[in-house]
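Enquirer: this one's structure only:
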């Protein structure tokens with residue numbers, strides 16, 4: 001009897017200690033959701049499947065329906081007014097084509113958008129846009145242009161950011177508009193139409209993040225990084241990016257958008273002086289060929305880049321003061337170093353790539369020019385900046 005009483009006392013004392021410990025240490029906040037590699041893979045496999053036949057025309061419409069279906073699951077708000085029904089909203093924005101022979105209106109494609117409303121009463125009428133394009137080149141006598149990297153990978157990123165940001169919506173201060181553009185491959189017509197007929201006031205858009213090709217690397221070079229263009233136009237964003245814990249093999253290399261010109265759907269936003277970031281690993285050797293298939297995608301890379309971009313997007317959405325547009329930014333030494341690294345790697349591949357004499361000349365001249373700037377250990381002046389910009393643009397047109 002005495003022994004039983006002792007056991008009960010010990011148990012009660014232990015229970016008391018546990019209760020006091022729990023009282024002193026409240027439950028830690030739940031961990032925020034992270035980008036899921038399996039979901040990234042599923043999105044890319046479907047969008048780059050034979051069923052969608054290169055996502056052009058009616059097949060691009062299937063891709064648009066897929067994106068809208070994901071938005072519905074997340075309960076994002078539709079934002080486009082239906083013709084003649086101002087009280088109703090749609091996920092789809094029709095992009096008009098020339099009338100048919102009977103004069104009836106026709107559609108060239110569909111943009112898709114879903115809104116995550118911000119939680120801050122003062123900031124919810126400001127917007128961050130996260131975007132990609134879902135269309136591609138369709139098919140030809142050579143086969144299907146699957147477009148796994150260009151740009152199923154970017155759409156997968158956008159959809160995963162929609163999921164993880166929706167899951168923590170009570171901590172997202174600004175509203176976030178997720179957009180999938182059509183007709184990017186046709187002179188950016190989808191994003192041009194969107195900016196000409198926006199569902200939200202463009203002056204309230206404080207940052208636009210767009211991704212195009214995240215699953216390969218520039219020329220299939222061994223670069224454990226991705227490019228982030230446009231930060232030079234947004235006050236404070238370079239510093240903000242430097243504080244984001246990107247994965248070691250998915251570090252952003254900040255480059256001027258002047259180096260590449262208008263390469264994706266950021267163009268119409270940049271033209272309106274809306275701060276933007278363009279994320280890309282660059283065009284691989286299979287760019288715009290039937291060889292851009294899902295089996296060649298580095299899914300861990302897409303996941304790691306997307307995870308970093310999700311953190312960046314949240315911080316941009318929660319800034320007390322949004323980035324201010326910078327008209328004439330300067331090229332930094334870090335950008336020059338990045339270009340030197342790229343051209344050095346290209347020179348190593350010159351024989352494998354079978355570069356001709358003119359291509360080799362452009363590569364060597366770019367390397368010499370970057371080395372000269374770096375030896376001076378100062379930011380390039382206006383003339384150097386102009387020469388470097390022209391040189392990188394020539395590299396893109398001649399080598400890749």
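Expert: Everything's here; your move. Just so it is clear, the model here is predicted, and its values are computed rather than measured.
Enquirer: show me what the longest strand anywhere in the chain is packed against.
Expert: In the chain, assigned by DSSP state E, the strand with the most residues is strand 106-116. With contacts defined as 3 or more CB pairs under 8 Å, 6 or more residues apart in numbering; DSSP states H and E, the packing partners of strand 106-116 are helix 58-73, strand 77-78, strand 92-97, helix 153-167, strand 175-181, helix 189-196. From N, CA and C alone the C-beta is placed, and that goes for glycine too.
Enquirer: which one of these lies nearest to residue 136?
Expert: Shortest separation from residue 136 across the helices and strands packed on strand 106-116 is recorded for helix 58-73, at 7.7 Å, computed as CB to CB.
Enquirer: please name the residues that touch residue 94.
Expert: Residues in contact with residue 94, defined by CB atoms under 8 Å, 6 or more residues apart in numbering, are 107, 110.
Enquirer: on that earlier part again, out of the helices and strands packed on strand 106-116, which gets nearest to residue 217?
Expert: With CB to CB, the closest approach to residue 217 among the helices and strands packed on strand 106-116 belongs to helix 153-167: 12.0 Å.
Enquirer: tell me which of the helices and strands packed on strand 106-116 sits most buried.
Expert: The highest average neighbour count among the helices and strands packed on strand 106-116, using mean count of other CB atoms under 10 Å, belongs to strand 175-181 at a mean of 27.
Enquirer: mind checking how far residue 82 is from residue 366?
Expert: 51 Å (CB to CB, to the nearest Å).
Enquirer: now residue 187
Expert: As judged by CB to CB, residue 187 and residue 366 stand 28 Å apart.
Enquirer: residue 329 now?
Expert: The separation that residue 329 has from residue 366, given CB to CB, amounts to 21 Å.
Enquirer: looking at residue 187 and residue 366, which has the bigger crowd around it?
Expert: Just comparing residue 187 and residue 366: by other CB atoms under 10 Å the higher neighbour count belongs to residue 366, 24 against 11.
Enquirer: how does the chain divide into domains?
Expert: The chain resolves into domains spanning 37-318, 333-399 when parsed by automatic domain parsing.
Enquirer: what's the most buried one of those domains?
Expert: domain 37-318 (a mean of 20).
Enquirer: strands of the chain, start to end?
Expert: Along the chain, counting by DSSP E, strands occupy 77-78, 80-82, 85-90, 92-97, 106-116, 127-133, 139-140, 143-144, 175-181, 205-211, 225-229, 251-255, 276-280.
Enquirer: and those strands as TSV, adding distance to residue 400 and mean pLDDT?
Expert: TSV is the format used below for the strands of the chain (distance: least, CB to CB, whole Å; pLDDT from 0 to 100):
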stretch	distance to residue 400	mean pLDDT
strand 77-78	39	98
strand 80-82	36	92
strand 85-90	38	84
strand 92-97	29	96
strand 106-116	27	96
strand 127-133	19	98
strand 139-140	21	96
strand 143-144	22	98
strand 175-181	23	98
strand 205-211	19	98
strand 225-229	13	96
strand 251-255	15	95
strand 276-280	12	98
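Enquirer: mind checking which of these is nearest residue 362?
Expert: Taking CB to CB as the criterion, strand 251-255 is the member of the strands of the chain that comes nearest to residue 362, at 17.8 Å.
Enquirer: can you tell me which helices and strands the closest one packs against?
Expert: strand 225-229, helix 237-242, helix 333-348.
Enquirer: any idea how far the shortest one is from the chain center?
Expert: Going back to what we said before, that points to strand 225-229. A distance of 10 Å separates the centroid of the chain from that of strand 225-229, by CA atoms, centre = their mean, to the nearest Å.
Enquirer: got the angle for that strand vs strand 205-211?
Expert: Calculated by axes from the mean of the first three to the mean of the last three CA atoms, to 10 degrees, strand 225-229 forms an angle of 140 degrees with strand 205-211.
Enquirer: what of the longest one?
Expert: For helix 333-348 against strand 205-211, the angle between stretch directions is 10 degrees (the same axes, to 10 degrees).
Enquirer: format the helices and strands packed on strand 251-255 as JSON lines; extra columns: distance to residue 70.
Expert: Formatted as JSON lines, these follow (distance: least, CB to CB, whole Å):
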{"stretch": "strand 225-229", "distance to residue 70": "23"}
{"stretch": "helix 237-242", "distance to residue 70": "27"}
{"stretch": "helix 333-348", "distance to residue 70": "34"}
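Enquirer: worst mean pLDDT among these?
Expert: In terms of average pLDDT, helix 333-348 trails the rest of those, at a mean of 92.
Enquirer: what's that helix packed up against?
Expert: Using 3+ CB pairs under 8 Å, 6+ apart, helix 333-348 sits against strand 251-255, helix 357-376, helix 382-399.
Enquirer: mind redoing it with 6 Å?
Expert: helix 357-376 (3 or more CB pairs under 6 Å, 6 or more residues apart in numbering; DSSP states H and E).
Enquirer: and the contacts of the helix it packs on?
Expert: The contact list for helix 357-376 (CB atoms under 6 Å, 6 or more residues apart in numbering) reads 336, 339-340, 343, 346-347, 350, 380, 384, 391, 394-395, 398-399.
Enquirer: before we move on, what about stretch 160-173?
Expert: The list of residues contacting stretch 160-173 from outside it, by CB under 6 Å, 6+ apart, reads 32-33, 35, 39, 74, 116, 118-120, 123, 130, 176, 178, 306, 310, 317-318.
Enquirer: mind doing that once more with 7 Å?
Expert: 32-36, 39-40, 71, 74, 76, 114, 116, 118-120, 123, 130, 176, 178, 306, 309-310, 313-314, 317-318 (CB atoms under 7 Å, 6 or more residues apart in numbering).
Enquirer: then stretch 191-207?
Expert: 79-80, 93, 95, 111, 113, 125-129, 174, 177, 181, 184, 234, 265, 268-269, 272, 274-275, 316, 322-323.
Enquirer: what's stretch 381-395 in contact with?
Expert: For stretch 381-395, the external contacting residues (CB under 7 Å, 6+ apart) are 258, 259, 261, 331, 339, 362, 363, 365, 366, 369, 373, 380.
Enquirer: which two from these end up farthest apart in space?
Expert: By the measure CB to CB, 261 and 373 form the most distant pair in these, at 20.9 Å.
Enquirer: show me where pLDDT drops low in this protein?
Expert: Screening the chain residue by residue with the criterion pLDDT under 70, one finds the ranges 1-30.
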